[in-house]
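Asker: Pasting the sequence and the predicted model now:
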Amino acid sequence: MTIELTYSIDTTRFDEDYAPATGSRATTNFANLARGEDRRDNLRGVLAMIDARANELAGTSGRYGVELDIVSADLHLGAEGGAGVPLIEVLDVTIVDRETGERTPGITGNNFSSYVRDYDFSVLLPAQENGIPADFGELHGKLFRHFVASDAYGERFAQPPVICISVSTSRTYRRTGFEHPILGVEFRQDDDSLTDRYFAKMGLAARYFMPRGSAAPLAFYFEGDLTSDHSDLALIGTIATMEAFQWIYRPEIYGARTAAGDVFRPSLEHADFDRPGIDYDREERSRLGRTQGLYTEEHFMTPYGSALAEWAATR
C-alpha cells in the first residue's frame with residue numbers, strides 16, 4: 001500500500017519589507033536580495049525595475065504596478081497529513097491598474113525553486129560516474145505534476161504554473177521568424193538542454209522569446225498554449241518580473257549592450273554589459289545549492305526515499 005501525499009500552501013508578500021522565512025530556501029532569487037546591509041535598497045531597486053519594465057511593455061507611464069507573492073508549498077506524507085516537508089517555491093503575480101484600481105491576476109510560477117531539484121543537481125548528479133541516469137528527475141517530475149493536480153493548488157490558482165528562467169549557456173539559439181506582440185521574437189535552440197529534459201519530466205514544454213527592448217531571450221516552461229492561454233497583462237507581469245531577476249543574476253546576458261542577433265550563444269564571459277546596481281553573489285548561491293541539496297538528502301530523501309519510490313512506481 002503506497003503512501004498518500006497532500007500539500008499545504010502559504011504565501012508571503014515580496015515587497016521592501018520582505019524577510020525570508022525560516023524554512024525558505026536560501027538560494028531563491030528573492031531570498032538572496034533580502035540579506036545584508038543593503039537588503040531594503042536591493043528590494044526597492046528590483047521592485048522599481050519590475051514596475052518600470054511592465055509599464056514600458058504596456059506602453060504606459062506609471063499606470064501599472066506589479067505585486068508579487070511568494071508561494072511556498074509543503075508536502076505532507078500519510079493519510080493524516082503529518083509534518084510538512086518544504087517542497088517548492090514559486091511567485092504569484094498581480095498587476096494593479098493605478099488609474100482604475102483594477103487588479104488583474106497574473107501568472108503563477110515565474111521563478112521556480114525546489115528542494116528536490118537542489119538534491120538532484122547538487123548531490124545526486126555530481127556523484128554519478130556513468131553519465132546522467134535515465135530516471136534522472138523522474139521523482140521530482142511526478143511530485144510536481146501531483147502538486148499541480150492537487151486540491152490545494154486548484155483551490156488557489158486557476159491555471160498551471162509558467163516558469164520563466166535564463167536560457168542555457170550550453171546551447172545555441174536561432175530566430176524563427178515568429179514574433180508575438182508581447183513575448184516578442186521567438187528563438188529555437190539546437191538541442192534540448194539538461195534543464196529542458198528535467199522540466200519535460202514535470203510535464204512542461206519549452207519555448208524561447210526575446211521581448212521588445214530585451215537583450216536576450218527568456219526560457220518559458222509551460223503546459224497548454226503559452227501564446228493564447230494568458231492575457232497580455234499577465235505575460236507582461238511575468239516578463240517584467242523575471243527580466244529584472246535575470247538582469248541581476250546574469251547581467252552578462254540580460255544586461256548586454258547589444259541584443260541577441262539571428263544566432264545567439266549566451267555566455268557569462270561576455271564583457272560588454274550594464275550592471276543593474278544591485279549586488280548579488282553567484283558563488284554563494286552555488287554553495288548554498290549544495291548545502292540545501294544535502295539538507296534535502298538528510299531530511300527528505302533518506303527517511304522517505306523508499307516510500308516515495310513505491311509511490312512513484314504507481315504513477
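Answerer: That came through fine.
Asker: buried ones in stretch 119-138?
Answerer: Within stretch 119-138, the residues that count as buried by 16 or more other CB atoms under 10 Å are 119-125, 136-138. Yep, even glycine has a C-beta here, placed from its N, CA and C like the rest.
Asker: who's in contact with that stretch?
Answerer: Around stretch 119-138, the neighbours that count as contacts under CB atoms under 8 Å, 6 or more residues apart in numbering are 140, 194, 197-198, 201-202, 289-290, 292-294, 296-297, 300-301, 312.
Asker: on that earlier part again, can you lay out the buried residues of stretch 119-138 as JSON lines showing secondary structure and distance to R250?
Answerer: Shown next, in JSON lines, are those (DSSP: H, G, I helix; E, B strand; the rest coil; distance: CB to CB, whole Å):
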{"residue": "Y119", "secondary structure": "helix", "distance to R250": "23"}
{"residue": "D120", "secondary structure": "helix", "distance to R250": "21"}
{"residue": "F121", "secondary structure": "helix", "distance to R250": "17"}
{"residue": "S122", "secondary structure": "helix", "distance to R250": "19"}
{"residue": "V123", "secondary structure": "helix", "distance to R250": "24"}
{"residue": "L124", "secondary structure": "helix", "distance to R250": "25"}
{"residue": "L125", "secondary structure": "helix", "distance to R250": "21"}
{"residue": "F136", "secondary structure": "coil", "distance to R250": "24"}
{"residue": "G137", "secondary structure": "coil", "distance to R250": "23"}
{"residue": "E138", "secondary structure": "helix", "distance to R250": "29"}
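Asker: Determine which two of the residues you listed are furthest apart.
Answerer: Within the buried residues of stretch 119-138, S122 and E138 form the most distant pair, 17.5 Å apart (CB to CB).
Asker: Drop anything exposed from the contacts of stretch 119-138.
Answerer: Among the contacts of stretch 119-138, those classed as buried by 16+ other CB under 10 Å are 140, 198, 201-202, 289-290, 292-293, 296-297, 300-301, 312.
Asker: Closest one to S150 out of these, please.
Answerer: Distance to S150, by CB to CB, is smallest for M202 among those, at 14.3 Å.
Asker: My guess is the closest one contacts G141. True?
Answerer: Yes: counting by CB atoms under 8 Å, G141 is a contact partner of M202 at 4.5 Å.
Asker: List the contacts of R98.
Answerer: Residues counted as contacts of R98 (CB under 8 Å, 6+ apart) are 62-65.
Asker: swap that for A215, sorry
Answerer: A215 sits next to 253-260, 273 when contact means CB under 8 Å, 6+ apart.
Asker: out of the residues you listed, which is most surrounded?
Answerer: Comparing the contacts of A215 by number of neighbours (other CB atoms under 10 Å), Y254 comes first, having 25 neighbours.
Asker: Going along the chain, name the strands of the stretch 51-200 of the chain.
Answerer: Counting by DSSP state E, counting those that start in this stretch, the stretch 51-200 of the chain has strands at residues 64-77, 84-97, 103-114, 162-166, 173-180, 184-189.
Asker: what about these, which gets the closest to A206?
Answerer: Nearest to A206 among the strands of the stretch 51-200 of the chain is strand 184-189 (8.4 Å), distances taken as CB to CB.
Asker: The closest one to strand 173-180, inter-axis angle?
Answerer: 150 degrees (axes from the mean of the first three to the mean of the last three CA atoms, to 10 degrees).
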